[in-house]
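Chemist: 3D model of this:
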Amino acid sequence: MLNQELIKKEYGFLGDDIFLNVSQVVMPPKRVQDAYGSFMADYVKNFGEGVMDTAWGIVNDCRQKLASLINAHDPHEIAFVKNTAEGMSILAAGLKLGKGDNVVLADQEHQSALFPWINQHELRGIDLHIVKSVNGEIPFKGMVEAIDDHTKVLIVSSAQFSTGFRADLKRLGAICKERGIIFAVDGIQTLGRFVMDVQECNISWLVAGSNKGLLGTLGCGFIYCDDKLVESVIPPYAGYQSTMSHVAPPSITTEFDYLEWYPHARRFESGNLSYNCILAVNQGVDLLLELGVDNIEKQIRLCEARLRTKIKDLRLPVVQAKDPENWSGIICVYYPKQHDGEVISILRNHKIHCTMRGGYIRFGLNFYNTVEQMDEVAKALFEAAELAK
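Modeler: Modelled structure (predicted):
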C-alpha cells in the first residue's frame, strides 16, 4: 500500500491541481527540488574543495539505486548519459554492424529510439525492418515475423509515447534470447511507474531519460548494459573517465596506438557528468524505492481503470489497447482541433495539466494521482465532448 503521508510531504505543493503530464515532463518531489540546488550551494560554500569526491559518491550511490530499481546484476552495468537519444545512439553507433545486418523496430517509435537507427542506415547501410502498428498497437507476431537470420537488434519502447501501448517485454525478451538477438528497450515512459526487471525480461540494453517517471530532471538519463554485451559496444567518443588508459597528472600519455576501455558500462561516460542532475535522480529513485514500484503500479492501474470506465460512453475517440495488460497509465483522447481554445479553457477550469496538441490530449498518470481526480478528468472530457456535437 502506498505511503500517503510520504506522498503528501513530497507533493503537497500541488494543492488541488491535477498533474497528468508525466509522459512529457517530470513533476519533481520536494526532495529532488532541494537536492538539485544543494550541489551548487555546497560547491560554492567549499570553494570547490573535495567536490569530485562528493560527486563520485553521488554517482556511485545512484548507480546502486538504479541497479536495484531495475534488478540489474551489478551497479557497474549502469552508466549516465544526457538523455534517451544519446543512450540509444551509443548502442547504434557502437555495434559492429554493416550491410546485410538488420534491426527490427516499429513505425510508432519515438524519434529518440528511431532516429539513431535511421542514422546508421544512412551511414553504414544496415537494413531497418519496420513493423507496422495496427490500431495503435504493436503486434507481437509482427515483431517476431520481422526477425530473420541477419537480425542483430530488436528495439522497442516499454510504452509508446503517442498511444500508451505497453509492450510485452518478457515475451519479446525471451524470443531475443532464444535467437541470440540484442534486446534494446527505451524505458522512459514506464520506468519508475511500472515494475521493470531487466533480468526477467532478458533486456540487453535499457535507456531512459530521468525527466519523467524517474522523478529526476531534464538533461540526465542512464544506460543499463548487460555485462555480456558491454565489450561488443565500442563507445563513439572517448575520454579520461571512460578508459583505463587514463594517467594522472603530471604524468603524460605514452601509449598512442590503442585505448583500454573500462570492461563495464563506465566506458560510455567520456568526461565529467552532470553531477547536480544525478543527485536529483538519486533522490527521485530513492523515493520510488521507498514507495515501492509495485505499489506505484497498482495505484496507476487503479486510476486508469477508473478513468476508462468513467469515459466508456464518451463521444470522442479514446485510444485503448484491447488487453488491459497493455495499458500503461497513458490515456489519449482526440477532439475536433478547431475547438483548441475551448478545450484548453475547460481543462484549465478543472486545474488539469496534461499534454495537448491540436486535436489530441494525453494524460499520463502517476502515484500522486487519485481516483477522485479521475472523476474530475471525466467531467472535463464530457464537457469537451459537448463541443463536438
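
Chemist: Mind listing residues that contact stretch 382-389?
Modeler: The contact list for stretch 382-389 (CB atoms under 8 Å, 6 or more residues apart in numbering) reads 311, 314, 315, 316, 335, 336, 339, 342, 343, 346, 347. All C-beta spots, glycine's among them, are computed from the backbone N, C-alpha and C.

Chemist: chain center to the longest helix seen in the chain, what's the gap?
Modeler: As assigned by DSSP state H, the longest helix anywhere in the chain is helix 51-70. Put simply, helix 51-70 sits 18 Å off its chain's centre (CA atoms, centre = their mean, to the nearest Å).

Chemist: again with stretch 22-41
Modeler: Between the centre of stretch 22-41 and the centre of its host chain there is 17 Å, according to CA atoms, centre = their mean.

Chemist: repeat for stretch 64-75
Modeler: Here the centre of stretch 64-75 is set off from its chain's centre by 15 Å, with CA atoms, centre = their mean.

Chemist: Okay, buried residues for it please.
Modeler: Within stretch 64-75, the residues that qualify as buried are 64, 65, 66, 67, 69, 70, 72, 75, counting by 16 or more other CB atoms under 10 Å.

Chemist: from these, which is closest to residue 321?
Modeler: Residue 321 has its nearest neighbour among these in residue 70, at 23.5 Å by CB to CB.

Chemist: right, and the closest one touches residue 224 too?
Modeler: Yes - counting by CB atoms under 8 Å, residue 70 does reach residue 224; the two are 6.0 Å apart.

Chemist: which neighbours do the two share?
Modeler: 198, 206.

Chemist: and the two most separated of the contacts of stretch 382-389?
Modeler: 311 and 342 (18.3 Å).

Chemist: what about the strands in the chain?
Modeler: For the chain, applying DSSP state E gives strands covering 18-19, 78-81, 102-106, 127-131, 151-157, 182-186, 205-209, 221-225, 318-319, 330-334, 352-353, 355-357, 360-364.

Chemist: Using a markdown table, please lay out the buried residues of stretch 64-75 together with pLDDT and distance to residue 58.
Modeler: As requested, the buried residues of stretch 64-75 are exported to a markdown table (pLDDT from 0 to 100; distance: CB to CB, whole Å):
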| residue | pLDDT | distance to residue 58 |
| --- | --- | --- |
| 64 | 98 | 11 |
| 65 | 98 | 11 |
| 66 | 98 | 12 |
| 67 | 98 | 15 |
| 69 | 98 | 16 |
| 70 | 98 | 19 |
| 72 | 98 | 18 |
| 75 | 98 | 13 |
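
Chemist: returning to what we had before: could you list every helix and strand that the longest helix of the chain packs against?
Modeler: Contacts defined by 3 or more CB pairs under 8 Å, 6 or more residues apart in numbering; DSSP states H and E place helix 51-70 against helix 30-45, strand 78-81, strand 221-225, helix 275-291.

Chemist: For those, give me TSV that also has distance to residue 383.
Modeler: Output for the helices and strands packed on helix 51-70, formatted as TSV (distance: least, CB to CB, whole Å):
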stretch	distance to residue 383
helix 30-45	33
strand 78-81	42
strand 221-225	37
helix 275-291	33
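
Chemist: Out of the ones you listed, which is the most enclosed?
Modeler: Most buried of the helices and strands packed on helix 51-70, by mean neighbour count (mean count of other CB atoms under 10 Å): strand 221-225, with a mean of 28.

Chemist: So in that sheet, which strands flank that one, and in what orientation?
Modeler: strand 78-81 (antiparallel), strand 205-209 (antiparallel) (DSSP bridges).

Chemist: To residue 87, which of those strands lies closest?
Modeler: When the strands paired with strand 221-225 are ranked by proximity to residue 87, the top entry is strand 205-209, at 3.2 Å, counting by CB to CB.

Chemist: the inter-axis angle of that closest one versus strand 182-186?
Modeler: Per axes from the mean of the first three to the mean of the last three CA atoms, to 10 degrees, the angle that strand 205-209 makes with strand 182-186 is 10 degrees.

Chemist: Please tell me how far strand 205-209 is from the chain's geometric centre.
Modeler: Worked out by CA atoms, centre = their mean, strand 205-209 lies 6 Å from the chain centre.

Chemist: What residues does residue 13 make contact with?
Modeler: For residue 13, the contact set (CB under 8 Å, 6+ apart) comprises residue 30.

Chemist: among the contacts of stretch 382-389, which ones are buried?
Modeler: When burial is judged by neighbour count using 16+ other CB under 10 Å, the buried members of these are 311, 314, 316, 335, 339, 343, 346, 347.

Chemist: Next step: those restricted to helices.
Modeler: Using DSSP H, the members of the buried ones among the contacts of stretch 382-389 that fall in helices are 343, 346, 347.

Chemist: was I right about the last one contacting residue 354?
Modeler: Yes - distance between residue 347 and residue 354: 6.7 Å, which falls inside the contact criterion (CB under 8 Å).
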